[in-house]
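J.: I need the structure of the sequence given here:
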Amino acid sequence: MDVRAHIVVSGIVQGVGYRYFVMNHAKRMQLTGWVRNLPGGDVEIEVEGPRGLIESLISELKTGNQWAVVREVRVNWKRWTGQYSDFDIRF
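T.: Residues are numbered from 1 along each chain as shown. Now for the predicted structure:
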């Protein structure tokens, strides 16, 4: 079943390649949506696809790349809309 998840990741996740880490994992899993930095230092993600794959992505987000220090991952599940055709970084 396809769903949407709005995710906010807190910690040392800006300036360490975390958005590219998220994008690469999401694309490899064929998920759609976007990732962007928030002014307060968090990273925001909107992702759509099969719930199981999004849950796998969330597991990766909790670890992060080698330079990130993830403190918290907050997830809000939503209804799938199908509005995205790819996964990209928003600036």
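J.: mean confidence for stretch 3-17?
T.: The pLDDT scores in stretch 3-17 average 98.
J.: Please identify the buried residues of that stretch?
T.: Along stretch 3-17, these residues count as buried under the neighbour rule (16 or more other Cβ atoms under 10 Å): 3-5, 7-11, 13-14, 16. All C-beta spots, glycine's among them, are computed from the backbone N, C-alpha and C.
J.: and what of stretch 52-64?
T.: For stretch 52-64, a neighbour-count test (16+ other Cβ under 10 Å) marks 53-54, 57-58, 60-61, 64 as buried.
J.: check contacts around residue 31.
T.: By Cβ atoms under 8 Å, 6 or more residues apart in numbering, the residues touching residue 31 are 47-49, 53-54, 57, 87.
J.: In JSON lines: the buried residues of stretch 52-64, plus distance to residue 41.
T.: Shown next, in JSON lines, are these (distance: Cβ to Cβ, whole Å):
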{"residue": "53", "distance to residue 41": "27"}
{"residue": "54", "distance to residue 41": "24"}
{"residue": "57", "distance to residue 41": "21"}
{"residue": "58", "distance to residue 41": "20"}
{"residue": "60", "distance to residue 41": "20"}
{"residue": "61", "distance to residue 41": "16"}
{"residue": "64", "distance to residue 41": "14"}
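J.: I am finished for the moment; much appreciated.
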